[in-house]
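**Q** Give the three-dimensional model of this entry:
(one chain, ligands or ions: 1)
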Amino acid sequence: MELKSNHSSPVLTDPAPVNKSRLGIPSGLLPYSQQGPSFSASGKYISIPRKKPGKLDDVRSNGWLDAMKSSSPPRKKLIKDFSLEVTAAADDSESPYCSWMLKYPSALYCFGQIVKQHASNKKIAIFLDYDGTLSPIVDDPDRALMSDATRSAVRNLALYFPTAIISGRSRDKVFELVGLTELYYAGSHGMDIMGPVNSNTVSDDHPNCVKSTDQQGKELKLFQPAREFLPMIDEVFRTLVENTKGIEGAKVENHKFCASVHYRNVDEKNWSTVAQCVHDILKDYPRLRLTHGRKVLEVRPVIDWNKGKAVEFLLESLGLDSSDDVLPIYIGDDRTDEDAFKVLREKSKGYGILVSSVPKETKAVYSLKDPSEVMEFLKSLVRWKEQDEAEIA
Ligand SMILES: O=P(O)(O)OC[C@H]1O[C@H](O[C@H]2O[C@H](CO)[C@@H](O)[C@H](O)[C@H]2O)[C@H](O)[C@@H](O)[C@@H]1O
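**A** Below is the predicted model of the structure:
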């Protein structure tokens, strides 16, 4: 079943027989076969009545609570639980983090190797997550600001390499936080992309891909694969705000194509109540699903689209998808960034760099400890490029 949209009346149709897209956009946007009650036979969006809250047993038995507890755990706890296999034998005196670094070496330490062995004569494209990558994780999502030094490093970076931010936040919000017009932005975990207009890309024919302009009047391409979910997410957001208002510390954000329920500031004894609120909503909206972030539950459309697909989309839009002389580098800290790491790993193209100060299972190749190391890495790339150009001149 393929999802088609003419922007005003979402229509669910049968599968397209052939998938001609290199990006896999037509079939890639397939929702799961279930057709939720939120769409009428004509495909029009309709409201559905709220049900009574379920039992807390729901969220205990389905593992949500465990996932919530292990999301962004305190350093001590994560080290205690750490049970990853490491490729090299680790001395007993080494910390689990050091052992982990043998498998996921520091991108700063390996910088020479990255640029000399892998980047020479290649076009580098940079993809950056925002929270936990460019800005440190803080209690209040509205105060997650990037430093001026990091902003300046990203601005310099974009002078030499095409650079995009791919965030779970809404595109407008992340643009407001980063404030650089030199970049491309993808919000809502890649479901809202403002990318370059390039000659004849397959995505140009997609009904949810339209020409647009940025604040400076520059022509860009706007791709919103989950466009028909807008009213549904809006309704869910409002219901979540209403249903969580009695839970001290809970915060709900509307990211346009997904809604986030934060529990970082909720007493742990109330986490199950937060989880149950989200669980109850999802029962009413089978075309939405849950993903876990760092102390946040995220409700998003059941479409096959994620940060990995957004990287592929942007590479194609930049005209960098088909040649071997391209080195995409993706830097991120969260579970949702794993989709992008996976794409790069599976295509054997470029590198994922995980930002983490604790051992984590990941599909990335390298690691960086925190946003300050990310900034150092970005500055190193700029210095290397400047030297390279000076040598050529
Ligand atoms: O994809 P990202 O750009 O990394 O966005 C992921 C989520 O980031 C924000 O939440 C996280 O950072 C907050 C500020 O440091 C922190 O308080 C929260 O606990 C983290 O989960 C954002 O508020 C979420 O909506 C994003 O999905």
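
**Q** Quick one: neighbours of the closest residue to the ligand within the chain, just the number.
**A** Nearest to the ligand, among the residues of the chain, is Gly168, at 2.8 Å (C-beta to the nearest ligand atom). Yep, even glycine has a C-beta here, placed from its N, CA and C like the rest. Applying other C-beta atoms under 10 Å, we find 28 residues neighbouring Gly168.

**Q** and it, what pLDDT?
**A** We have a pLDDT of 97 for Gly168.

**Q** Ok, His292 next?
**A** On the pLDDT scale, His292 gets 93.

**Q** what pairs with it across the strands?
**A** Applying DSSP bridges to His292 gives these bridge partners: Leu297.

**Q** domain parsing for the protein?
**A** With domains defined by the TED database, the chain comprises 97-225+305-392, 229-301.

**Q** Tell me which residues touch the residue of the chain closest to the ligand, please.
**A** Tyr130, Asp131, Gly187, Ser188, His189, His255, Cys258, Ser260, Gly293, Glu298, Asp334, Thr336 (C-beta atoms under 8 Å, 6 or more residues apart in numbering).

**Q** does the fifth one sit in a helix, a strand or a coil?
**A** When the structure is split into helix, strand and coil by DSSP: H, G, I helix; E, B strand; the rest coil, His189 lands in helix.

**Q** Phi, psi for the residue nearest to it when sequence neighbours are not counted please.
**A** Of all residues not flanking His189 in the chain, Gly168 sits nearest, at 5.0 Å (C-beta to C-beta, 6 or more residues apart in numbering). Main-chain dihedrals, Gly168, degrees, to the nearest 10: phi -80, psi -20.

**Q** Relative to Ser260, how far out is Gly168?
**A** According to C-beta to C-beta, to the nearest Å, Gly168 and Ser260 sit 7 Å apart.

**Q** Can you get me a residue count around the closest residue to Pro371 other than its chain neighbours?
**A** Closest residue to Pro371 apart from its sequence neighbours, by C-beta to C-beta, 6+ apart: Pro136 at 5.3 Å. Look at Pro136: counted by other C-beta under 10 Å, it has 14 neighbours.

**Q** quick thing: my sequence starts at 9, can you match it?
**A** Happy to do that; since the first residue is 9 now, the last one works out to Pro144.

**Q** Could I get the contacting residues of Pro144?
**A** Ala152, Asp378, Pro379.
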